[in-house]
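A.B. asks: take a look and give me a structure for this.
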Amino acid sequence: MKMHISKRRLPVAEARLLKALAHPVRLEIARIVSQEESCVCHLEARTGLRQAYLSQQISILRDAGLLAERRVGTFIHYRLADERLVDVITSVQRVAGSADSPLPPLDPACCTCPRCSEIARQVSPAPSRTRPRRQRKGEGEHVRVS
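C.D. replies: So this is what the prediction gives:
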């Protein structure tokens, strides 16, 4: 007697997508690039994590088809491959109760990409090209009177 086992489709693609997002750093990367296209140095400045570690996590997200990239000179800028992922990320945050948690700020002075370097130059004044005057011997010294 043969038993007939129905073959139903398992949600393999869905599980692969969720597995790629099921890591705090990868989820944070996805959150950041969902709001703005970012290079690795942006992600490094925002998260405080090392570039090598971030690159490993980006590789997993890219291999899962979640990230798209755009090369600008030697820099690669990442963004979500599908805008519908924003809804997935937002839904996960709402269920977890963290929907209102802000992204870590980006300090342009901590990022080495050309875009941030330009912003940092505009925000902070250029260093003065004149040398400070040398102090002469005895100038500025405190004299103790007994």
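A.B. asks: quick one, what contacts the residue nearest in space to the middle of the chain?
C.D. replies: A centroid search over the chain (CA atoms, centre = their mean) returns residue 43, at 2.0 Å, as the residue closest to the centre. Contacts for residue 43 (CB atoms under 8 Å, 6 or more residues apart in numbering) come out as 29, 32, 49, 54, 58, 78. No exception for glycine: its C-beta is placed from N, CA and C like everyone else's.
A.B. asks: ok now the worst-scoring helix or strand of the chain on mean pLDDT, how far from the chain's centre?
C.D. replies: Ranking every helix and strand in the chain by mean pLDDT, DSSP states H and E puts helix 114-123 at the bottom, with a mean of 71. Relative to its parent chain, helix 114-123 has a centroid offset of 17 Å by CA atoms, centre = their mean, to the nearest Å.
A.B. asks: what score does the residue nearest to the centre of the chain have for pLDDT?
C.D. replies: Looking at residue 43, its pLDDT stands at 93.
A.B. asks: for this protein, what spans make up the strands?
C.D. replies: 38-39, 67-72, 75-80 (DSSP state E).
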